[in-house]
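Engineer: whatever this is, show me its structure:
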Amino acid sequence: MKRKAFIFTLDAVLALLLVLIFIASISAVAENTGHVYMTQTQLQNKAIAQHVLDTLRTVPLSNLVSPTIVDKWIGQGILNLTYVSPQMPPLQIVATYWSLSEKYPEFKSYSEIILRYLLDSLVKGYGYQIIINNYTIPYLTFNNSYSLAGDVGSATILVSGYSRNALPRGYVAKAYITKIVTAQEKLIGIQRVLAGAFYYSGWRRWYYNGLNVTFTVSLPEDANVTNGTLNLATRSGESLYFYVNGKPVTGSNITSELKNGTNVFSAYFTNAPWWASEIGFGSGSWIFMRYITSFPALDNPGLVKLYTVRSFHTGLYYLNSLFVPGNITGINIKLTVSGVRTVRIYYSNGTSLNLLYTTNVNPYTTSVVYISNSTLVRALESYTTLKELSKKNFNLVITLDAYYDPNTGQVKYEGQDYNVSYTQERVLYGYPYSYINITYIPRVSVTKFMIPLGSMYRLSPDGVVASWNGLPTGMKFSYYLPQEVIPWYVDVWSAIQFTGWPSGTLSLYEGPGASVKVFEEPLDLYLIRVSYTRLLNSIMVPGQTNTFRFISDNLDYTFRYNDSRAIVYYFLNGYAPYGRVFPYYSQDNACGYNLTYYYNLSGTVYRGTVMIGNCKPTETPLSISASELKPSKYALDDAIFRLFVQLGARNDTVNLPGTLSNPISVDLEGLQIEAIGIRNVPTSIAPIEVTLRIWRR
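Structural biologist: Numbers count the residues shown, from 1 in each chain. The predicted model follows:
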């Protein structure tokens, strides 16, 4: 009986065990199903956490936050440039601070500020907690909510005190200019000023008329003028006497007449032929200057300094072709006049003049007329918008005792075409008494290290040649921009010639191969200028040859390309920020270099030398040439390399920047190098462990 009972009991136990195993397996399946679902979500969150950590470990801080934040953190000491730099990845910065935290306890809080800022932007929509060597605080946990988190994904990496499994980093360096010499080129277009060609005295019609236009151009006090060229386009048959600084000039070469400081230019128009109705400047009038200076000045295109104009017998017409490289926010005009009865302002749409403003003044005294931004822009908005005016040059016409006749498409002058007895002298007093001021938001933000440069070009014929005058219906030129320049704008002072009242379109093509149509507009009967900034990334492309083509589709509208000139303005950036970290500061452990390099000023290559580094009076710099630099090994060489590329040389590791075959575009008289030695950071005893936990909020 006992034996049977034992067998029964064992069988029962086995049966019970089978039942329990079955029940457990069912529970396990049910539990495992839920566990698989949770694992998929956690895996997704883990992948996000891993990606964020990899980003924080490999991407420089300067690529993850704005320059404004970087500057703010440097100013607050959060980024201590003695030990770290913005070019280091954030986890390298954190690891470095962690290594120093025993000596500088505040460095832990600096790490926390940097990580909190980055995580708030990198993991939007997720909660997070970051743990450094088992250390965390509520500040490093999103809303201190980890205890409520579900589906947490976690990733962990190890970082040494310097960089991942690396020895002490060494040096980083930056370079910037302190004094330079440049070749400046300026193309100064002469706006079109006209007066009536004849007047009446009693019953007699007199052609011995007179118009005087005077304006000034300032050059730096140290300017060495190497080229001055004058091109005057006058109306057929009229007499013109031109003076530079009081000396009469008859040819195009005015180099010897130009001087440092203020240069005064005066034009006197007289003796119009019997068939003419106007005298004055035609399209294609300009002055070109090239000079060497250590003070490159940046002109403000928005401040138009009006000429002093005297019309001895009739009213006058003053066409201003205007352009600013940015988005226009306002326009105002100040005019100071005498002998004038009526002042008018017109906007040209290319085919006619549209009246914007008119006022009467006392002709027997000097009067000041101020046209405010609100008045002028309100009137302009009947014909165009400030957005459209910001795309290219546009025309505002000032008339004094003259008006546009829409029936004939001509300007009528008082003293000649109406009120013929009013033949008094009329004067517009030039800047600072008269000006046009255009306020605008620049497309290029200029810093103190940016160097303005310009290159002038001749134009060549393009398009179809008209049989009636042998001139082409288009013109073009090509130009090269160095790789790292900042394009500013293209300015073409053009000369046109047409017959009758032609209609049709003008088209501008630009970029490499002139492959982009930038704009198309009606034929401009008042065209003296074509200007534009970098409206598209596919035009004015650095590192490539760009081509300008301007084409008319009407054989009656042509270009005097020989009288036209173009200039391309751009900036060099004389600042190279901190670069990569290098194990060595300089070759032969030198305090600095006495560097020989080559530079190109307006087509001529010269050799120069410059002292670079931080040598004490008792130390001797290493004499070295640009071809001997090793930018892949030394922090100082790297900073020079990067700066020279910014200064117009090619980014070429074979023909190094600053060599004879790859010169820079300025002569260096002063160059500053700042380097950070990161040798003072103690080595970590053990790797620093960083864990990031991520969950959906």
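Engineer: give me phi/psi at D638?
Structural biologist: Dihedral angles of D638 (phi, psi; degrees, to the nearest 10) stand at phi -60, psi -40.
Engineer: now for it: which residues touch it?
Structural biologist: 173, 579-580, 582, 631-632 (Cβ atoms under 8 Å, 6 or more residues apart in numbering). All C-beta atoms are positioned from the backbone trio N, CA, C, and that covers glycine.
Engineer: highest neighbour count among these?
Structural biologist: A173 (29 neighbours; other Cβ atoms under 10 Å).
Engineer: what's the closest of the contacts of D638 to Q646?
Structural biologist: Looking at those and their distance to Q646, the nearest is G579, at 11.9 Å (Cβ to Cβ).
Engineer: distance of the closest one from G170?
Structural biologist: 12 Å (Cβ to Cβ, to the nearest Å).
Engineer: common neighbours of these two, please.
Structural biologist: Common neighbours of G579 and G170 (Cβ under 8 Å, 6+ apart) are A635.
Engineer: in a helix, that's where G463 is, yeah?
Structural biologist: No - with DSSP: H, G, I helix; E, B strand; the rest coil as the criterion, G463 is assigned strand and is not in a helix.
Engineer: let me see the ranges of the helices in the stretch 101-250 of the chain.
Structural biologist: Along the stretch 101-250 of the chain, the segments classed as helices by DSSP state H, counting those that start in this stretch run 106-122.
Engineer: can you pull out the low-pLDDT segments for it?
Structural biologist: 136-140, 142-150, 160-169 (pLDDT under 70).
Engineer: what about S467, which SS state?
Structural biologist: Per three-state DSSP, S467 ends up coil.
Engineer: now do G513
Structural biologist: Per three-state DSSP, G513 ends up helix.
Engineer: pLDDT at it, what is it?
Structural biologist: If you check G513, the pLDDT there is 96.
Engineer: quick check: which ranges of the protein have low pLDDT?
Structural biologist: For the chain (pLDDT under 70), the answer is 1-39, 41, 136-140, 142-150, 160-169, 676-687.
Engineer: center of it, which residue is that?
Structural biologist: The centroid of the chain falls nearest to V444 when counting by Cα atoms, centre = their mean (2.9 Å).
Engineer: ok, now which ones touch that one?
Structural biologist: V444 is in contact with 325, 486, 488, 571, counting by Cβ under 8 Å, 6+ apart.
Engineer: nearest residue to K46 other than its sequence neighbours?
Structural biologist: G153 (3.5 Å; Cβ to Cβ, 6 or more residues apart in numbering).
Engineer: could you do T547 as well?
Structural biologist: A514 (4.0 Å).
Engineer: just to revisit the earlier point, secondary structure, distance to G415 and neighbour count added to the contacts of V444, as TSV?
Structural biologist: Formatted as TSV, the contacts of V444 follow (DSSP: H, G, I helix; E, B strand; the rest coil; distance: Cβ to Cβ, whole Å; neighbours: other Cβ atoms under 10 Å):
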residue	secondary structure	distance to G415	neighbour count
P325	coil	39	21
I486	strand	50	19
W488	strand	43	24
F571	strand	48	18
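Engineer: on that earlier part again, and the gap between the residue nearest to T547 and L471?
Structural biologist: 20 Å.
Engineer: identify the bridge partners of A173.
Structural biologist: Beta-bridge pairing of A173 under DSSP bridges involves A675.
Engineer: which stretches in the stretch 251-400 of the chain count as helices?
Structural biologist: 373-380, 386-389.
Engineer: which among the ones you listed is found nearest to K334?
Structural biologist: helix 373-380 (11.6 Å).
Engineer: tell me how far that closest one lies from the chain's centre.
Structural biologist: Between the centre of helix 373-380 and the centre of its chain there are 28 Å (Cα atoms, centre = their mean, to the nearest Å).
Engineer: which residues touch it?
Structural biologist: With Cβ under 8 Å, 6+ apart, helix 373-380 has contacts from 330-333, 345, 347, 356-357, 386, 389, 439.
Engineer: can you classify the residue nearest to the centre of the chain by secondary structure?
Structural biologist: Under three-state DSSP, V444 comes out as coil.
Engineer: against Y570, how distant is it?
Structural biologist: 9 Å.
Engineer: anything in contact with each of these two?
Structural biologist: Shared contacts of V444 and Y570, counting by Cβ under 8 Å, 6+ apart, come down to 486, 488.
Engineer: all strands of the stretch 551-697 of the chain, in order?
Structural biologist: 557-559, 565-573, 575-576, 592-601, 604-613, 622-625, 667-678, 688-696 (DSSP state E, counting those that start in this stretch).
Engineer: can I get those in a markdown table with distance to S239?
Structural biologist: Formatted as a markdown table, those follow (distance: least, Cβ to Cβ, whole Å):
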| stretch | distance to S239 |
| --- | --- |
| strand 557-559 | 26 |
| strand 565-573 | 25 |
| strand 575-576 | 53 |
| strand 592-601 | 39 |
| strand 604-613 | 39 |
| strand 622-625 | 59 |
| strand 667-678 | 44 |
| strand 688-696 | 83 |
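Engineer: so which of the ones you listed gets nearest K46?
Structural biologist: Of all the strands of the stretch 551-697 of the chain, strand 688-696 comes closest under Cβ to Cβ, at 7.5 Å.
Engineer: how about the closest one: buried residues?
Structural biologist: Buried residues in strand 688-696, defined by neighbour count with 16 or more other Cβ atoms under 10 Å: 688, 690-695.
Engineer: of those residues, which pair is most distant in space?
Structural biologist: Longest span within the buried residues of strand 688-696, Cβ to Cβ: I688 and W695, 23.6 Å.
Engineer: flag every buried residue along whichever strand or helix holds K517.
Structural biologist: According to DSSP states H and E, K517 maps onto strand 516-522. The neighbour-count check on strand 516-522 (16+ other Cβ under 10 Å) flags 516, 518 as buried.
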